[in-house]
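Student: Quick one, what's the 3D model for this:
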Amino acid sequence: MSRDNEFANFLAGFIIGGLVGAATALLMAPQSGEETRAVIKEKSIEIKDKAVVTAEDARARAERALEDARIKAEEAVSEVRTRADEVARLSKERASELGQRGQILLDESKSKVRQTVKKAAKDVEDAAGDAAAAV
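Tutor: Residues are numbered from 1 along each chain as shown. Purely as a prediction, here's the structure:
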């Protein structure tokens, strides 16, 4: 936006400078008042036409820049969506893998606990049997 403002300031300065310069040159020239007015009118028409052309060029460049920015923004949004979808897919896969791994570890832990409980129960039975036999 500041670039547009800088260009507008430049354009205004250019036009005003041109008018002041032309008016000064005409007033300093050795001509009659009628000739000077005719020259001023002619020069002001030329400057106005140049200003119109310059403004149209600036407008066309601004429209092209706006269209380019819109296209780049759409591409960026598309890229972000694609990456977000990929991250979501990878996250789901990783969560599924972790869930499966967790289930395997849980099953292994249950099995080990069962074995330990069975062994402890057998040891208690053996100890109770030994104690009963010793009595």
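Student: Could you check the pLDDT of the residue positioned nearest the centre of the chain?
Tutor: When Cα atoms, centre = their mean is applied to the chain, the residue found nearest the centroid is A76 (6.2 Å). pLDDT, A76: 96.
Student: elements contacting the helix or strand where it lies?
Tutor: Here A76 sits within helix 33-134, counting by DSSP states H and E. Helix 33-134 sits against helix 2-28, with contacts defined as 3 or more Cβ pairs under 8 Å, 6 or more residues apart in numbering; DSSP states H and E. (C-beta placed from N, C-alpha, C; glycine too.)
Student: If we go by neighbour counts, what in the helix it packs on is buried?
Tutor: Going by neighbour count (16 or more other Cβ atoms under 10 Å), the buried part of helix 2-28 is 15, 18-19, 22, 26.
Student: From those, pick the one nearest V113.
Tutor: I15 (89.5 Å; Cβ to Cβ).
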